[in-house]
Structures are given as C-alpha cells and as structure tokens.
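Undergrad: next input, structure requested:
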Amino acid sequence: MRNQPAYLIPGDTVLLIAPSRSVTESDVAAFSRWVSAQGWLLEYAPNLFEVEHQFAGSDQHRAEDVIWAITHPTAKAIFTARGGYGCVRTVSKAEELCDAMGGIEGLLNLLKQSPAKWLVGFSDITWLHLLFAKANFQSIHGPVATQWNLTHGHINQNISHLAKTLRGGGVSLDLSNSDVVRSKPFTGELVGGNLSLLYASLGTPVQPNTAGKVLFIEDLDEYYYHIDRMLFSLKLAGLFDGIKGLLVGSMIDMNDNAVPFGRSVKTMITELLVDCDFPIVFDVPVGHDEENISIKLGADCNFENSTLTQ
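TA: Predicted coordinates for the structure are as follows:
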C-alpha cells in the first residue's frame, strides 16, 4: 500500500489547479462555497483562470501551478478544476522545469520531498494520478470542481461521499446489481483510471505496474473500435497479467460508425479476457456517468459478498 496523506480536518488549507481545460470563476463558485462549508481554506492556483485556446493557460503556467501545488508548505489536498485534455502536456512541461533534460526523476523527487497531499480528480487527471503513484502516494479518483454545478440526482451523493473519504471515512460500494464474471472474493491495491489515459501511458515512465493489484478502468465518448484497440493494447502490454480483479466503471456515450462495430464494451472485455482467471466487475458507479463515487487509488480494496470496500 502506498503512502497515505493525512486526512482533512476543519481549518486545513486546500488548493485548486486547472492542469487541463480552462475554467471561469463562475465554473468553480459552487465548489468554492462547498469548501468553505467544510471548514477548509481554499487557495486558487496563481494562473487558475488563464486561457490559451482550450487550455487553462500556457503549458508553462499550468506546469508552474502544478509545482506550486505540490510544494505548497501547508496544504493538505489538491483539487482539480476539470478534465478534458492537457495533463500530459502539463506534466511534461513540469518535468522540464524540474530537470533541464526533461526527465521525470526531478519532478518525482520534488513530489517525494514535498509535504504529502491528497490529489482529487478523474478523467484527464488520471495522468497526475499515475505520477503520484510513481512517487508512491495514494490519491482520490473523484469529482472535479466544475461538477459542483451539476444538478442531476446523484451530485449530492457524489460530493458527500468525497467529503467523507477526505475525512478518513471508509469506502463501501454495494455492487449487488453489477454484472460479475467469474465472481469470487479478491483483495489488492487499486490502480488505474481513465482507459484512454492508461492507453496513452503505455511505454512511458508513468505506465502503472498492475501485477498483483486490482485494475480499474472507465471512459467516455469514444468509438467502439477505439475502446477495442485500447483494450487489446493493454493486454499486449501485460497490464492484465497477474491482476487480482478488474473493475469496470462507467463506459458511456460511446460512438459507432455507419457500419456498426457489433460488440458492446462488456462483450469486448469478456471476449478479450475469456482465458483469464480473475473476476471482472462491471457497472462500478465510478467515472463519467451521473454516479461518480470516490475511490482511493494506491490503497487496498476488497471485493466480497457483492461489496467493494477500502
């Protein structure tokens, strides 16, 4: 199990960064009010509301904000404003700022030597989760700040669950309505995140080591054949080798061609992994769908009697 940052208490300082797409102050106003209601003190990153095309400012400024957040002397958590695309560029620029050769070691050393903080976010933020995992820290796969503006029926549940998780409350997900293949209990460190970002990490320094662990994947708005290609690539790269279990979160708003691909995401996964012996749990309420429960990456999880606990 990886290093666990301290859980939050009233009076703690938390930070908000935008390492991917741009945001406005109104986009994060509801989140800001929620932070105050928890008794925490919120600091915005220096370049938070900058805009460069679709990005939250230049690569340089987004990278500076990531380094600012990592090295902040008193903050206990780093929240992220939104996903989209940009984290790969942001982290790569941060690596350059920490090492003239652009290697990852300087940034990893900075992260390891700085006060431990919870990283919170999902989707494109998976790239930062992978970085924190390489530095041996746990992090929280959970809502991004712009989601506090949503009005669907699960938003209050999502937000209250995140608050509970940040305060140290245990994670317990009832998966009795989930489709499970090869159902049996399993325990292991939870790793993973957005499938597209895991696919992008293959062959890079942040590619996760999944052997002996529980792998989680989710995604949104991809073509079915893209999903199939990414799953095959993960298998060929060995990410399914020796895992204890596979958790499949929301896979929604998928696209098809004029000639249908002919396979659902569930069918792709079960066919690809038919010769494996680990359980596959579908319909885990984590990801881009309305229900987005927070889970702790890098922490042990246990699946037994249709319940996932951490």
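
Undergrad: report the rounded mean pLDDT for the helix or strand harbouring G188.
TA: G188 belongs to strand 186-194 when elements are defined using DSSP states H and E. For strand 186-194, mean pLDDT is 98.

Undergrad: pull out the buried positions in that strand.
TA: For strand 186-194, burial by neighbour count (16 or more other C-beta atoms under 10 Å) applies to 186, 188-194. All C-beta spots, glycine's among them, are computed from the backbone N, C-alpha and C.

Undergrad: would you turn those residues into JSON lines with distance to G262?
TA: Listed next are these as JSON lines, based on distance: C-beta to C-beta, whole Å:
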{"residue": "F186", "distance to G262": "31"}
{"residue": "G188", "distance to G262": "33"}
{"residue": "E189", "distance to G262": "35"}
{"residue": "L190", "distance to G262": "32"}
{"residue": "V191", "distance to G262": "31"}
{"residue": "G192", "distance to G262": "27"}
{"residue": "G193", "distance to G262": "28"}
{"residue": "N194", "distance to G262": "24"}
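
Undergrad: may I ask which two of those residues are separated the most?
TA: With C-beta to C-beta as the measure, no two of those lie farther apart than F186 and N194, at 22.1 Å.

Undergrad: return the residues in contact with M251.
TA: 218-220, 227, 265, 287 (C-beta atoms under 8 Å, 6 or more residues apart in numbering).

Undergrad: could you redo those residues as JSON lines and give each row neighbour count and secondary structure?
TA: Converted to JSON lines, these look like this (neighbours: other C-beta atoms under 10 Å; DSSP: H, G, I helix; E, B strand; the rest coil):
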{"residue": "E218", "neighbour count": "26", "secondary structure": "strand"}
{"residue": "D219", "neighbour count": "26", "secondary structure": "strand"}
{"residue": "L220", "neighbour count": "17", "secondary structure": "strand"}
{"residue": "I227", "neighbour count": "24", "secondary structure": "helix"}
{"residue": "V265", "neighbour count": "20", "secondary structure": "helix"}
{"residue": "G287", "neighbour count": "24", "secondary structure": "coil"}
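
Undergrad: nearest residue to T24 in space, please, no chain neighbours.
TA: Excluding the flanking residues, the one nearest T24 by C-beta to C-beta, 6 or more residues apart in numbering is F49, at 6.5 Å.

Undergrad: phi, psi for that neighbour please.
TA: Backbone torsions of F49, given as degrees, to the nearest 10, read phi -100, psi 20.
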